[in-house]
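Peer 1: sequence and predicted structure, then a few things I'm wondering about:
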Amino acid sequence: MRALSRSVLALLSLSSVLFAQSGEFRGIWVSRFEWVNRDPARCQAKIDEIMRTLAEHRFNAVVFQVRGQCDTLYPSPEEPWSPLISPDGQDPGWDPLAYAIAAAHAHNLEFHAYINTHVAWQASKRQVPKVASHIFFKHFNDADPDACDWVIHNKEGKPATWGGDSYVWIAPGVPAAQAYTRRQVMYVVQNYDVDGVHFDRIRTPTADVSYDPISVARMQPGAEGNPAGLEFAAWTADQFTRFLCDLYAQINEVKPHIRVSSAPLGLVSHDRYPDYPAGFQYAVTKCNQDAQAWLAAGAMDFIAPQIYWSDSDNKRPDFSHVLPDWLAHAAGRHICPGQSTGVGIAELISQVRVTRQSGGAGNIVFSYGSFKEKKGFAQYTKAGLYAEPVATPAMPWKDAPSDGIIIGRVTDAHTGEPLVDAQIRRAGSDHVALSSADGLYSFLKVPPGRYTLTVTKADYPAQTIDNIVVTAGQVVRVEVALGGEPLTVAVAEPRESTRAPVVEEPSAKSTDTDATETDADEAEATAPDEEPLGADAAEAYDGSGRVTARRVETVVTAERPVFIKYVLIALMIAGAVVLAAAIVVFVTSRRNSQ
């Protein structure tokens, strides 16, 4: 028995060495309800404690919530301070996000800014914001028929203002809302040294929304906003995919090193698990969320599906049964399954080992407060789970890309205003890109080559742009003005993109997986109501196809860094060594026991 125990320990030790070579994402979610304090000194002390604790126990990433419901925990030019930190909406006198990033980096942790994308407000008693300048009153107020154009609507076409988890949900098919949310994310990307951005609440609360007037008009057969002729559910899900593709292109244009991720629901669709009950919360059929389509489109660097179930309670779903489907549909990107402390620390330890054995890229656990309360750090240490420090996994599509990205805006040549739902076609591709409320469109995963774009929009002559050269690792900008003289395209020399310093290695089961402000707030405690203040600078879509912006007629390329990090042959050899050593130790132990 002792010999067998030694063999197991030897195998675990060799396994740790192998993971140290290949990288592993060791993350934890920290919701806004776990770190914020209105007293700056106490808040900073809490942030320091979180980062120090994670580093001491050899975690290497923190997924830290900074935007909850169209309010923020950093100074935003458009959105109000969260009342969690500023009850009257006044500047608290310091920047919590900047402080948290500095603290994370001081402890060699990657900092992933955790952002809710498709909720605008939350209140369990349905009380509205106290300050009239909040975006709620401009686009989500069902008491004013002219001020609820961004909120989800039911099948009767009426505002469904209070949706799941007492949130006010944002309709995914409204171009102005898409552009507004992208602008908030890009503010964080451009102004803070984050290592990643992480999205949550990126879905609808149920399958039977949003039949809002803007979405209904755009999805009609033959409408410009529905070039593939999709039916309601597929069109609604596709709006999330298009939103993420545009955002991924924007991020890669300015800071290509930033890692983009999200936390979708754990179960994709019923057909993947035919022996599961039909009533489970399946992402595609219940919430119009197709995160595997995001992976296939190249809009995600990694996914943290909320696989919040145990293998040991004799109830389904099961962690080890759900994970393989995600791995099979990773599309060459990373899968880092999300875990919940609700299953117990021993089960979390087992799930980390299952993830490793299955080929996952790491794990993220929800959440810091409950994990610490349940003495998770001590139990992980005792189990030797994170015995050695490791880096997060390399990403070959970022470090040594084989394709490029095209991004641009479509505007009216005479007014300079952006055009909504202009259709952009790229030679060699069946995909039709659409311009959003700010005119933005994008193509991801473009093979190197020379391309022609054709742009069409009702009431405008078609525009063709030839000789667009895309090389691996470049983001090529092509701006289009419709209705004027033939377009002259100026091509700028590629510019080097900045890259942040590499983070060194740190020394009855419910299927409603809204258990984090991943969907995190409901996992371990009931989230308090928030009463943010604020202002909104976005333009509402009025159906005319135009909103305010400017005209530019250039093509600018942004080169992504190219590094060769891979040691696949070495890893294969290391794996063979591990297997051989395990066999030798096992055989020896058997002989000694006879």
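Peer 2: Yep, it's here.

Peer 1: ok, Q69 touching V119?
Peer 2: Yes - counting by Cβ atoms under 8 Å, Q69 does reach V119; the two are 5.3 Å apart. C-beta: built from backbone N, CA, C; applies to glycine.

Peer 1: between the two, which contacts overlap?
Peer 2: Shared contacts of Q69 and V119, defined by Cβ atoms under 8 Å, 6 or more residues apart in numbering, comprise 167-168.

Peer 1: span of stretch 199-211 from start to end?
Peer 2: Using Cα to Cα, to the nearest Å, the end-to-end distance of stretch 199-211 comes to 24 Å.

Peer 1: ugh, wrong one, stretch 79-89
Peer 2: Criterion Cα to Cα; first-to-last residue distance in stretch 79-89 is 10 Å.

Peer 1: same question for it, mean pLDDT?
Peer 2: Per-residue pLDDT values across stretch 79-89 average out to 90.

Peer 1: same question for stretch 190-206.
Peer 2: The average pLDDT for stretch 190-206 rounds to 98.

Peer 1: can you show me the strands along the stretch 151-300 of the chain?
Peer 2: Assigned by DSSP state E, counting those that start in this stretch, the stretch 151-300 of the chain shows strands spanning 167-169, 196-200, 259-262.

Peer 1: okay, and for the stretch 351-500 of the chain, where does confidence drop off?
Peer 2: Counting by pLDDT under 70, the stretch 351-500 of the chain has low-confidence residues at 485-500.

Peer 1: coming back round to it: would a markdown table of the strands of the stretch 151-300 of the chain with mean neighbour count and distance to F280 be doable?
Peer 2: Below are these laid out as a markdown table (neighbours: other Cβ atoms under 10 Å; distance: least, Cβ to Cβ, whole Å):
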| stretch | mean neighbour count | distance to F280 |
| --- | --- | --- |
| strand 167-169 | 26 | 21 |
| strand 196-200 | 26 | 20 |
| strand 259-262 | 24 | 20 |
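
Peer 1: let me know which of these is the nearest to H105.
Peer 2: Nearest to H105 among these is strand 196-200 (12.8 Å), distances taken as Cβ to Cβ.

Peer 1: each with direction, which strands does that closest one pair with?
Peer 2: Here strand 196-200 is paired, per DSSP bridges, with strand 110-116 (parallel), strand 259-262 (parallel).

Peer 1: in JSON lines: the strands of the stretch 151-300 of the chain, plus distance to S442.
Peer 2: Shown next, in JSON lines, are these (distance: least, Cβ to Cβ, whole Å):
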{"stretch": "strand 167-169", "distance to S442": "25"}
{"stretch": "strand 196-200", "distance to S442": "16"}
{"stretch": "strand 259-262", "distance to S442": "13"}
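
Peer 1: wait, which of these is closest to P96?
Peer 2: Closest approach to P96 among the strands of the stretch 151-300 of the chain is made by strand 196-200 (16.6 Å; Cβ to Cβ).

Peer 1: list the contacts of that closest one.
Peer 2: The contact list for strand 196-200, computed with Cβ under 8 Å, 6+ apart, reads 61, 63, 110-117, 185, 188-189, 244, 251, 258-263, 301, 304, 516-520.

Peer 1: 6 Å instead, please
Peer 2: Outside strand 196-200, the residues within contact range by Cβ atoms under 6 Å, 6 or more residues apart in numbering are 63, 112-117, 258-263, 518.

Peer 1: tell me the one of the residues you listed nearest Q44?
Peer 2: If you rank these by distance to Q44 using Cβ to Cβ, A113 comes first, at 17.8 Å.

Peer 1: so how far is T392 from the spatially closest residue to the closest one that is not a sequence neighbour?
Peer 2: Of all residues not flanking A113 in the chain, V194 sits nearest, at 4.7 Å (Cβ to Cβ, 6 or more residues apart in numbering). As judged by Cβ to Cβ, to the nearest Å, V194 and T392 stand 14 Å apart.

Peer 1: before we move on, what about G23?
Peer 2: Distance, G23 to T392, using Cβ to Cβ: 6 Å.

Peer 1: give me the more crowded residue out of those two.
Peer 2: Neighbours were counted for G23 and for T392 using other Cβ atoms under 10 Å; T392 has more, 25 against 19.

Peer 1: who's in contact with the more buried one?
Peer 2: T392 neighbours (Cβ under 6 Å, 6+ apart): 23, 25, 60-61, 110.

Peer 1: what about it, which SS state?
Peer 2: Classification of T392 by DSSP: H, G, I helix; E, B strand; the rest coil places it in coil.

Peer 1: do the same with R425
Peer 2: Once three-state DSSP is applied, R425 turns out strand.

Peer 1: now do the same contact list for it.
Peer 2: By Cβ under 6 Å, 6+ apart, the residues touching R425 are 432, 454.

Peer 1: what pairs with the nearest residue to P227 once chain neighbours are set aside across the strands?
Peer 2: Of all residues not flanking P227 in the chain, V432 sits nearest, at 4.0 Å (Cβ to Cβ, 6+ apart). Under DSSP bridges, the beta-bridge partners of V432 are R425.

Peer 1: alright, calling it a day.
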